[in-house]
Structures are given as structure tokens and as C-alpha cells.
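# Sequence and predicted structure are below.
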Amino acid sequence: MSDPTTKLRRTMMFVPANSPKMINNADIYGADSIMFDVEDAIAVTEKDTARLLISHALKAMKFKSETVVRINHPTQTPFGMDDLACILPAKPDLIRLPKVESVEEVQLVAAEIEKVEQRFGWAEGTINIIGAIESIKGLYNVREICKQPRFIAVALGAEDFIANIKTQRTKTGVELYHARAEILMAARNAEIQCFDTVFSDVEDIEGFRAEVNFIHDMGFDGKSVVHPKQIKIVNEIYTPTEKQIKHAVKVLKSFEDALKNNKGVISVDGKMIDGPIVVRAERVVAQAKAAGIDMQQFQ
Ligand SMILES: CC(C)(COP(=O)(O)OP(=O)(O)OC[C@H]1O[C@@H](n2cnc3c(N)ncnc32)[C@H](O)[C@@H]1OP(=O)(O)O)[C@@H](O)C(=O)NCCC(=O)NCCSC(=O)C[C@@](O)(CC(=O)O)C(=O)O
Ligand SMILES: [Mg+2]
């Protein structure tokens with residue numbers, strides 16, 4: 001089983017789980033993960049239909065991409081526990097827990113997963129949890145939330161978050177600076193992955209690209225998307241370029257040679273190379289491999 005905390009998740013695409021057509025096509029657009037939603041994309045009158053539909057689809061269809069189901073909140077809504085009862089036996093890879101605010105909520109979901117894994121004789125960790133921070137309370141508890149077993153990734157849910165802090169979403173993202181930084185540090189401290197939120201204006205491609213560049217530079221591992229046309233942009237920004245890979249490989253080779261000569265610091269193409277730069281080069285190579293790039297050409 002691959003390590004769920006290091007898997008390639010550049011793009012996680014939300015797919016409303018009451019749409020047979022969207023479920024059917026969800027896998028063809030190249031998203032690394034597909035997030036079937038039975039929460040806010042689904043009207044209260046459609047909750048039963050959506051959870052049954054996605055449960056059957058997960059059992060009957062073979063998806064190439066990782067499958068995630070965003071359930072309704074298990075205690076704040078009357079739907080969440082029914083979602084878990086219906087969806088867990090269909091074996092999604094991850095449960096997305098929205099609006100998570102406390103360690104206890106994670107433990108509640110984890111306990112339900114554990115029961116189902118034991119009932120079906122599945123290995124522990126067959127199903128894991130990604131939680132979304134969407135409120136101030138969640139943000140204040142994020143450091144402990146991120147350390148919970150099975151909690152392999154955290155995401156920001158910005159639309160709900162900005163409603164909670166009583167402001168508006170802007171092009172600069174100034175309203176999200178603090179939350180993004182705090183969530184990212186909590187994730188890195190707990191050694192789990194961290195994902196940015198959706199960009200709802202699907203027609204604003206340039207605004208979207210600017211936001212993806214921004215969150216990539218901040219250090220997020222990927223982004224949630226709502227439309228297939230957003231996928232290519234994120235995957236492109238999150239896949240190392242040929243130039244970056246060539247440089248990383250050169251750094252690693254040169255440093256290996258340097259170590260043999262008992263040197264801890266060297267110069268490659270006029271730039272100083274020492275320990276932390278080597279770690280970053282290793283990450284570039286790991287990302288390239290995870291993205292399926294043939295590394296033979298760079299040897
Ligand atoms: C936006 C729109 C209605 C536009 O529809 P339209 O029909 O106008 O799109 P078109 O351009 O016509 O589609 C062209 C072709 O692509 C197909 N297609 C489109 N979208 C597809 C898709 N997602 N999956 C598979 N297929 C798709 C379509 O079927 C068609 O196929 P075909 O006819 O064969 O050509 C549609 O995209 C959509 O529903 N998106 C998902 C919305 C959603 O799930 N929201 C909830 C999650 S956010 C949230 O809750 C906030 C959050 O919680 C988030 C956080 O936590 O981060 C927070 O607080 O911030
Ligand atoms: Mg939300």
C-alpha cells in the first residue's frame with residue numbers, strides 16, 4: 001500500500017454525488033483525486049439519493065483516480081452518520097470531513113471507519129480521513145486535529161471560512177493569509193499533506209492561475225477544484241519542469257560526489273548547494289516520479 005501521506009494529490013475535484021453523468025465521467029479529466037460530494041453541493045431533499053448513488057458507483061465502477069467522499073458533518077447535521085453507514089462499506093480511499101472543529105469529531109469518524117474495516121477484514125488504514133478547516137474554531141484547534149491517527153491531510157474550506165470571519169473573498173486573498181499559513185504549518189508539523197480551497201469563479205482562468213501559483217509558492221501540496229477545466233492548470237504548476245528536474249538531478253549527483261570527498265558544501269552553476277538545498281532537490285525528483293515522468297532521460 002502506498003503511503004497515504006505522500007501520495008500525489010495535485011488536484012482534488014469535487015463532483016456532486018447526485019449526478020450519474022458527472023460520476024460516470026469524473027475519472028476522464030486527469031484529476032489525481034475525485035471528491036464525490038454529498039455535503040453542500042447536495043440539497044437536503046437529495047441527500048438519500050446522492051449517498052446511495054455514490055455508494056453503488058464505488059462498488060460497481062473501477063476508478064483510476066483516488067476516491068474521496070465528502071460526508072455531511074457527523075454531529076452538526078442529521079445526515080453525517082447515515083452517510084458513513086452507507087458509504088464506508090463501499091470502500092472509498094478517503095472520507096472528507098467538512099467543517100471539522102475538534103479532535104473528538106475526527107475520533108468519531110475514525111471509530112466508524114475502524115468498525116467497518118474490522119467487519120470486512122480490511123487492513124487498518126484502508127480508509128483514511130482528510131478534514132477541512134472552515135471556521136475560526138476549527139482553525140484554533142487545527143494543530144491537534146492534524147495529529148490524529150488516520151488524519152492524513154488537511155484542507156482549507158474558504159467559502160465557509162470567510163463567511164465565518166464576516167468578510168468577502170478577494171482577488172489578493174488577503175482575507176485568507178492567516179488561515180492558509182496556520183493550516184499549512186499545522187500540517188507540516190504533523191507531517192501530513194495540506195490542500196488549498198476551491199476557486200469558485202470557473203470562468204476567471206487568469207485569476208485561478210494566479211491563485212494556484214500563490215498557493216504553490218506558499219507550500220500547499222495541491223488544490224481542490226470544481227470544474228474539469230481547472231485541472232490542467234493545477235497539474236501543470238504542480239509538476240516539475242524539465243529544467244527543474246535536470247537541475248535537481250545535477251545537484252544530487254554533484255552532492256553525492258562532494259560527500260565522497262568529505263565536502264558539505266559545493267557550488268553548482270554558480271549557486272551554493274548544502275543540506276537543505278539537497279532536500280529540496282530530492283523533493284523535485286520525488287514529485288517528478290510521482291507525476292509519472294520517465295526519469296531515465298535525466299540520468
Ligand atoms: C460549477 C458547475 C455547476 C458548472 O457546471 P456546468 O454544467 O455549467 O459546467 P460545464 O462547463 O457545462 O461543464 C462541462 C462538462 O464538464 C462536466 N463537469 C463540470 N463540472 C464537473 C465536475 N465537477 N465533475 C465532473 N464533471 C463536471 C459537465 O458535466 C460537462 O460535461 P459534458 O456535458 O459531457 O461536456 C459544475 O462544474 C459543478 O457542479 N462543479 C462542482 C460543484 C461542487 O461540487 N461544489 C461543492 C464543493 S465547493 C464547496 O462546497 C465550498 C467549500 O466547502 C469548498 C472547500 O472545502 O474547499 C468551501 O467552503 O470553500
Ligand atoms: Mg464548505
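Happy to help now that I have it. Numbering: from 1, shown residues only. Ligands and ions are numbered 1, 2, ... in the order given.
# contacts and neighbour counts: CA atoms only from here.
Will do.
# ok, and for stretch 200-210, which residues are buried?
Neighbour counts over stretch 200-210 (16 or more other C-alpha atoms under 10 Å) mark residue 208 as buried.
# Need the distance between the two termini of it.
Chord length of stretch 200-210, first to last residue, is 14 Å (C-alpha to C-alpha, to the nearest Å).
# can you list contacts of that stretch?
The list of residues contacting stretch 200-210 from outside it, by C-alpha atoms under 8 Å, 6 or more residues apart in numbering, reads 171, 199, 226, 227, 229, 230, 233, 234.
# what's near enough to touch the third one?
Okay, so that is residue 226. Applying C-alpha under 8 Å, 6+ apart, we find residue 226 in contact with 13, 14, 15, 198, 199, 200, 202.
# re earlier: any quick PyMOL command for the buried ones out of the contacts of stretch 200-210?
Selection of the buried residues among these in PyMOL, burial being defined by 16+ other C-alpha under 10 Å:
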select buried, resi 199+226+227+230+233+234
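# Secondary structure added to the contacts of stretch 200-210, as CSV?
Shown next, in CSV, are the contacts of stretch 200-210 (DSSP: H, G, I helix; E, B strand; the rest coil):
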residue, secondary structure
171, coil
199, coil
226, coil
227, coil
229, helix
230, helix
233, helix
234, helix
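# follow-up on the earlier one: now, which of the contacts of residue 226 lie close to ligand 1?
14, 15, 198 (C-alpha under 6 Å from any ligand atom).
# beta partners of the second one?
I take that to be residue 15. residue 36 (DSSP bridges).
# State the distance from it to ligand 2.
14 Å (C-alpha to the ion, to the nearest Å).
# Next, count neighbours for that residue.
24 (other C-alpha atoms under 10 Å).
# ok now do it, which residues does it touch?
Taking C-alpha under 8 Å, 6+ apart, we find residue 15 in contact with 22, 23, 26, 34, 35, 36, 37, 226.
# Under a three-state scheme, what state does the residue nearest to residue 97 when sequence neighbours are not counted occupy?
Of all residues not flanking residue 97 in the chain, residue 131 sits nearest, at 4.6 Å (C-alpha to C-alpha, 6 or more residues apart in numbering). Secondary structure assignment for residue 131 (three-state DSSP): strand.
# Confirm for me that residue 131 is in contact with residue 101.
No. Here residue 131 lies out of contact with residue 101, judged by C-alpha atoms under 8 Å, at a distance of 9.3 Å.
# Between the two, tell me which one has more neighbours.
Shown here are residue 131 and residue 101; by other C-alpha under 10 Å, residue 131 has more neighbours (29 against 22).
# If the more buried one is in a bridge, with which residues?
For residue 131, the beta-bridge partners are residue 97, residue 154 (DSSP bridges).
# So which residues of the protein form helices?
Along the chain, counting by DSSP state H, helices occupy 20-25, 47-60, 80-87, 103-120, 136-140, 142-145, 158-164, 177-190, 205-218, 231-237, 242-260, 275-290.
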